[in-house]
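K.L.:
Pasted the sequence and its predicted model underneath.
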Protein chains: 2
Amino acid sequence: METTVNTHLSTVITPQELLNHWQGHRGLTRRVIEAFPEDDFFNYSIGGMRTFAEMVMELLGIAGPGIKEIATAETAQLLENVEHGNKKTKILELWDKATEDINTYWAQIKLEQFHETIKSFGQYEGTVWSSIFYFIDNEIHHRGQAYVYLRALNIEPPFFYER
Amino acid sequence: METTVNTHLSTVITPQELLNHWQGHRGLTRRVIEAFPEDDFFNYSIGGMRTFAEMVMELLGIAGPGIKEIATAETAQLLENVEHGNKKTKILELWDKATEDINTYWAQIKLEQFHETIKSFGQYEGTVWSSIFYFIDNEIHHRGQAYVYLRALNIEPPFFYER
C-alpha cells in the first residue's frame, strides 16, 4: 500500500471535513431525487414502505432544524411535512435552502461542543457528534432504499461513490 | 434544548468512538442477515440488483482486509466471494471473525494516521478517515437496500436506531 503523509492533523476528522462529507452525501441524495420521475417520487413504493418523497420530507425535517438546534440550543420541532404540491422543484428548492442553513449554523458550532450531551428535537438523547452521525446515517439508509425503488422502476441511479 | 457537558474532549470523534459506532452498525447488519429466510438471503433480489448475500460478501471483503491494510500498510486484495454453501451460519461465522479482525487491527492504527493519504486495496485513493467512512457508509447503503427486500418479503426488519 502506498502511503503519503499530507498533513499532521492529529484527529480522526475535523468539523469542516465532516460538513463537507455530509454535503457530499446531500449532493448525491439531491441527484437521486432528480433521477425519479415526478409521479414515482411522490407515489411509488415497495412492500408498504413510504414513498421516497415522504422519506425526503423526514430528511428535510431533520437536517436544517437539527443543526440549527445544536448551534443555537433552542429546542427544534420535528416536522416531516411540507407544502410541495407534488412538485419535485419545490422539494429541491427546500433541499437547497437546507444546504445553506446547514452551512450557516454549522459555522456556529464549536469544536468543544461535539462531546456535549443533548436532546435532539427535545427528545433523542446523545452527544452532538452521535446526533449528527445519526442524521447522516439515516440519510444514507433511506437513500439506499430509493436506489431499490429506482432499480425496480428500471432507472439507473447515480453512482454511490460520486459525491 | 437541554445541554449537559459530560466531557471536555476537544475533537469531533475519537478513534475508539468511531470503532464503537461502526461495530454498532455491524451488529445491526448482523441482525438483518439473521432476519432473512436462508433461501431469500441467497436468492431474492429486486430490479436486477444483487442478492443481499452478494452484498454481504462485498462488505466482508472490505471490512476486515481494509482495516488490516490500514494497520499494516500491506496491500490488500479485494475478494468478494467466500465459500458459503448457501448457509447463513457460514456467513455469520465470517461476520464474527471480521468483527474480531477489525478490533485487533484497529488497535494498531495511530491517531496521526487518520489524515494520511492511502490507496485502499491498492487502488482507491483517499485519506484513512475517508476510506473508513466509505466502508461504513457503503454498509449502511446496502443494508438499507436489504430493508426493502425484507419489506417486500413481508418481514419486519430490525429497528434502524437500535445498535
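P.N.:
Cool, the structure landed.
K.L.:
Do a quick rundown of the helices in chain A.
P.N.:
Per DSSP state H, chain A carries helices over the ranges A:15-35, A:38-43, A:52-72, A:88-106, A:128-152.
K.L.:
any idea how far the closest residue to residue A:61 other than its chain neighbours is from chain B?
P.N.:
Sequence neighbours aside, residue A:80 is the residue nearest to residue A:61 in space, at 4.4 Å (criterion: Cβ to Cβ, 6 or more residues apart in numbering or on different chains). For every residue, glycine as well, the C-beta is placed using N, CA and C. Separation of residue A:80 from chain B (Cβ to the nearest Cβ, to the nearest Å) stands at 15 Å.
K.L.:
quick one: residue A:80 and residue A:59 touch, right?
P.N.:
No - Residue A:80 lies out of contact with residue A:59 (Cβ atoms under 8 Å); the separation is 9.1 Å.
K.L.:
and the helices of chain A as TSV, adding mean pLDDT and mean neighbour count?
P.N.:
Output for the helices of chain A, formatted as TSV (pLDDT from 0 to 100; neighbours: other Cβ atoms under 10 Å in any protein chain shown):
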stretch	mean pLDDT	mean neighbour count
helix A:15-35	98	18
helix A:38-43	98	16
helix A:52-72	98	21
helix A:88-106	98	16
helix A:128-152	98	22
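K.L.:
Kindly present these as CSV, with separate columns for distance to residue B:153.
P.N.:
CSV is the format used below for these (distance: least, Cβ to Cβ, whole Å):
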stretch, distance to residue B:153
helix A:15-35, 24
helix A:38-43, 22
helix A:52-72, 20
helix A:88-106, 30
helix A:128-152, 13
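K.L.:
Nearest to residue B:130 among these would be which one?
P.N.:
Nearest of the helices of chain A to residue B:130, taken as Cβ to Cβ: helix A:15-35 at 7.5 Å.
K.L.:
what packs against that closest one?
P.N.:
helix A:52-72, helix A:88-106, helix A:128-152, helix B:128-152 (3 or more Cβ pairs under 8 Å, 6 or more residues apart in numbering or on different chains; DSSP states H and E).
K.L.:
Residues touching it, excluding its own?
P.N.:
Residues outside helix A:15-35 that contact it (Cβ atoms under 8 Å, 6 or more residues apart in numbering or on different chains): A:13, A:41, A:52, A:56, A:59, A:63, A:88, A:91-92, A:95-96, A:98-99, A:102-103, A:106, A:109, A:111, A:114, A:132, A:135-136, A:139-140, A:143, A:146-147, A:150, A:155-158, A:160, A:162-163, B:12, B:129-130, B:133, B:137.
K.L.:
what do you get if the cut-off is 7 Å, keeping everything else the same?
P.N.:
A:41, A:56, A:88, A:91-92, A:95, A:99, A:106, A:109, A:111, A:136, A:139-140, A:143, A:146, A:150, A:155, A:157-158, A:162-163, B:12, B:133 (Cβ atoms under 7 Å, 6 or more residues apart in numbering or on different chains).
K.L.:
Off-centre distance for it?
P.N.:
Relative to its parent chain, helix A:15-35 has a centroid offset of 7 Å by Cα atoms, centre = their mean, to the nearest Å.
K.L.:
Render the CA-only coordinates of that helix in PDB, please.
P.N.:
Below are the C-alpha coordinates for helix A:15-35, written out as PDB (Å, rounded to 0.1, in the frame of the first residue of the first chain):
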ATOM      1  CA  PRO A  15     -15.700  19.700  11.800                       C
ATOM      2  CA  GLN A  16     -15.100  21.200   8.300                       C
ATOM      3  CA  GLU A  17     -14.300  17.700   6.900                       C
ATOM      4  CA  LEU A  18     -17.400  16.300   8.500                       C
ATOM      5  CA  LEU A  19     -19.500  19.100   7.000                       C
ATOM      6  CA  ASN A  20     -18.000  18.500   3.500                       C
ATOM      7  CA  HIS A  21     -18.600  14.800   3.900                       C
ATOM      8  CA  TRP A  22     -22.200  15.300   4.700                       C
ATOM      9  CA  GLN A  23     -22.800  17.900   2.000                       C
ATOM     10  CA  GLY A  24     -21.200  15.500  -0.500                       C
ATOM     11  CA  HIS A  25     -23.800  12.900   0.600                       C
ATOM     12  CA  ARG A  26     -26.500  15.500   0.400                       C
ATOM     13  CA  GLY A  27     -25.500  16.300  -3.200                       C
ATOM     14  CA  LEU A  28     -25.800  12.700  -4.100                       C
ATOM     15  CA  THR A  29     -29.200  12.500  -2.400                       C
ATOM     16  CA  ARG A  30     -30.300  15.500  -4.500                       C
ATOM     17  CA  ARG A  31     -29.300  13.700  -7.700                       C
ATOM     18  CA  VAL A  32     -31.300  10.700  -6.600                       C
ATOM     19  CA  ILE A  33     -34.300  12.900  -6.100                       C
ATOM     20  CA  GLU A  34     -33.700  14.300  -9.600                       C
ATOM     21  CA  ALA A  35     -33.500  10.800 -11.100                       C
END
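K.L.:
I'm done for today, thanks for sticking with me.
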